[in-house]
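>>> below is the structure, and that's it, no one-letter string:
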Ligand SMILES: O=c1ccn([C@H]2C[C@H](O)[C@@H](COP(=O)(O)OP(=O)(O)OP(=O)(O)O)O2)c(=O)[nH]1
C-alpha cells in the first residue's frame, strides 16, 4: 500500500519514519519539539510529529498508539491517548502525550513517543430498525455479564 507522506520538520530527514523491521506493525513517531517539554503529573499535551500523511482511501485509517517500550522503560509513566487519523486528514499528525505518573516527565526533542499503525476500516451502511432481526447469545449483556471475575 502506498501512502503519501509530507516531512514538515527537516530534522526528520536524518531519522525518517520507517518500519524498524520487516514485521513491524507500527512506524515510530517523534516529538518534533524545539525544546524539552515538561509535563506535570496528569498533564496531557498535543505534541507535533513533524509529518503529515494522506491515506486517501476511505477503506483505511491510521491509529496513533503508545509505544510499549517507552511506557515500560519509564515505569509506565508516559503514555499517549489513542488517536484516530481519518483517511482524508492532511494536517500534521499530533500525539496526545499524557503523564500518567506522580512526578513531572520531560519529553526530549525528537524522542520517539508513539507509533502509527495503518488499519483497514469499514464504512457501514446503517439501516434503522425497530427490533433486531435475530436474537444473539449475549443480547444486551455487558460489563462483566459473562462471568464473575
Ligand atoms: O491523536 C490524534 C487524533 C487526531 N488527529 C487528527 C487526525 C484526525 O483525522 C483529526 C480529527 O480527529 P478526530 O476525528 O478524532 O477529532 P474530532 O474531535 O472528532 O474532530 P473533527 O470534528 O475534526 O473530526 O485530527 C491527530 O493528529 N492526532
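Happy to help now that I have it. The structure displayed is predicted, hence computed values, not measured ones.

>>> ok, what's across the strand from residue 95?
residue 47 (DSSP bridges).

>>> touching, it and residue 113? I think so.
Yes - if you go by Cβ atoms under 8 Å, residue 95 and residue 113 touch, sitting 5.6 Å apart. Heads up, the C-betas are built off the backbone N, CA and C, glycines and all.

>>> overlap in contacts, the two.
29, 31, 47, 80 (Cβ atoms under 8 Å, 6 or more residues apart in numbering).

>>> dump those residues into TSV; add neighbour count and pLDDT as well.
Listed next are the shared contacts of residue 95 and residue 113 as TSV, based on neighbours: other Cβ atoms under 10 Å; pLDDT from 0 to 100:
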residue	neighbour count	pLDDT
29	26	96
31	21	96
47	22	96
80	22	74
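
>>> okay if I get these as a markdown table plus secondary structure?
Listed next are these as a markdown table, based on DSSP: H, G, I helix; E, B strand; the rest coil:
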| residue | secondary structure |
| --- | --- |
| 29 | strand |
| 31 | coil |
| 47 | strand |
| 80 | strand |
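
>>> pull the most distant pair out of the residues you listed.
Maximum pairwise distance in those, criterion Cβ to Cβ, is 10.3 Å, between 31 and 80.

>>> overlap in contacts, those two.
By Cβ under 8 Å, 6+ apart, the residues touching both residue 31 and residue 80 are 95, 97, 113.

>>> the last one: neighbour count?
Counted with other Cβ atoms under 10 Å, residues neighbouring residue 113 total 25.

>>> hmm, residue 29 and it touching each other?
Yes - applying Cβ under 8 Å, one finds residue 113 in contact with residue 29, separated by 6.3 Å.

>>> what touches both of the two?
residue 95.

>>> which strand residues bridge the closest residue to the ligand within the chain?
Nearest residue of the chain to the ligand (Cβ to the nearest ligand atom) works out as residue 83 at 2.0 Å. Listed beta-bridge partners, residue 83: residue 64 (assigned using DSSP bridges).

>>> surely residue 138 is in a strand?
No - going by three-state DSSP, the assignment for residue 138 is coil, not a strand.

>>> count of neighbours near it?
So residue 138, with other Cβ under 10 Å, has 9 neighbours.

>>> then the one 5 residues further on?
Other residues lying near residue 143 total 5 when counted by other Cβ under 10 Å.
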